[in-house]
Structure formats: structure tokens, C-alpha cells
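Peer 1: Quick check, what structure comes out for this input:
(one chain, ligands or ions: 1)
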Amino acid sequence: MHTIGYGIPELVADIRVIAADAEDEREIVDQVRDLAEWVSRNPEGWLHSGRYACDRQQGFARNLLHEEPDGSLAIYAVTWWPGGSTPPHDHSTWEVVASVIGTRRHVNWLRSDDRSVPGYASIERCGDSLIRSGEAASVLSSGIHNVLNEGDEMGLSLHIYGRTSSPLEPSRFDPETRRQDRFVVRVA
Ligand SMILES: [Fe+2]
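Peer 2: Just a heads-up that it's a prediction; the model follows:
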């Protein structure tokens, strides 16, 4: 694949083809993860100035790169402060996270309650992996995850979602209090 001229429009077109041809969500995620790793190792066509905002208070910031008008896809460049972390959350869709600069830790959580009590969720950490520069991880729509930037450096990652977040905002989960509420992310 050529890197020259491969930007966000080309990435969007390739994801459209993957989504149209795939038989299920897992197949989409597997292929988009491979593509995201390639794109994160070859950022010349889409990183541009590399000037993305960050949000020190939030610990990270989402910079919108693309949203499909029909809500079927969203792509963000996410910047990370050292130590910045999301809480455990879901998206009601799949997500692929690829590190462009630095290393992220990707943590998976398992929910064990029967979802019968609004605002209550019992989750347990069930595994994690490191996403180094040029690597990607993914979560399915049924999954709960969080991402953190453990190093001393600012970080940048590419996040691809199977639909735009509005009107369905993801939930965030507190494993200590077992509280579930809306996860409102300030977009840079
Ligand atoms: Fe996420």
C-alpha cells in the first residue's frame, strides 16, 4: 500500500469497504485493527501539522478527524497527557485504538451484574495489554475498556468508532462504587 496521498478520506473509504464485506462485527474489527496499525505507522498523509489540542484537566482530548453523515463511523486523534486516563467505559459500538506516538495501556473489564438496576454495574478487570507505537487494540460493542498513558511523555493515538457518539453517549463505570453513568467527553 502506498503512503503518499493516503489520508483520512482514503482511510474512510477502506473502512467502508471492510464494513460492507464483513460478515460480523468481529471481522470488521480484526481488519480495521490491521489497517489502523498500518495507518499509525504511516501518518504522513493524515497527521498534517500534528498540532492537536490536549486537555490537561481531562488528561486527554479527542480531536475529530472525520464523522460519517449517517453516523456509521467516527475517527479521532486523541492526545494524552502523561498519566492521562479514561475511566472504564463502553461505546455501544466497536472501537479500534492505535498508538501513533508513545505507549498506551489498554485494559479490558468484565461486567457481572444482571443490568436490572439503573445506574448500577459491577465490573472487574479481566486483562490488559500495551499498545506501542504502530500497534492497535480493539473492543467490541459488548465490551468495556479503558485506555491510559502511563509514560512521562505526551502521547497521540488514532481512535476509530463504529458509529458517532451522538445521540448515544457511552457509559462510564466506577469499579469501586459500582456506579454507571454517562461518560461525557469534552471534544477539543
Ligand atoms: Fe473507548
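
Peer 1: who's in contact with the closest residue to Leu65 other than its chain neighbours?
Peer 2: Nearest residue to Leu65 in three dimensions, chain neighbours excluded: Ile75, at 4.5 Å (Cβ to Cβ, 6 or more residues apart in numbering). C-beta coordinates here come from the backbone N, C-alpha and C atoms, glycine included. Neighbour list for Ile75: 8, 11-12, 64-67, 158-161 [criterion: Cβ atoms under 8 Å, 6 or more residues apart in numbering].

Peer 1: Which of the residues you listed are buried? Put it as a ChimeraX command.
Peer 2: A single ChimeraX command selects the buried members of the contacts of Ile75 (16 or more other Cβ atoms under 10 Å):
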select :8,11,12,65,66,67,158,159,160,161
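
Peer 1: need the contacts of Ile75 in CSV with distance to Asp21, can you?
Peer 2: Written out in CSV, the entries for the contacts of Ile75 read as follows (distance: Cβ to Cβ, whole Å):
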residue, distance to Asp21
Ile8, 21
Leu11, 16
Val12, 15
Leu64, 26
Leu65, 23
His66, 20
Glu67, 22
Leu158, 22
His159, 23
Ile160, 17
Tyr161, 19
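
Peer 1: just to revisit the earlier point, I'd assumed the residue nearest to Leu65 was in a strand, is it?
Peer 2: Yes - counting by DSSP: H, G, I helix; E, B strand; the rest coil, Ile75 is found in a strand.

Peer 1: List the beta-bridge partners for it.
Peer 2: When bridges are taken as DSSP bridges, the partners of Ile75 come out as His66, Ile160.

Peer 1: Sticking with Asp128, tell me its helix or strand.
Peer 2: Counting by DSSP states H and E, the element that carries Asp128 is strand 123-131.

Peer 1: now for the helix or strand that that strand is followed by, which elements pack on it?
Peer 2: Scanning forward in sequence from strand 123-131, with DSSP H and E defining helices and strands, the next element found is strand 136-139. Strand 136-139 sits against helix 25-41, strand 95-101, with contacts defined as 3 or more Cβ pairs under 8 Å, 6 or more residues apart in numbering; DSSP states H and E.
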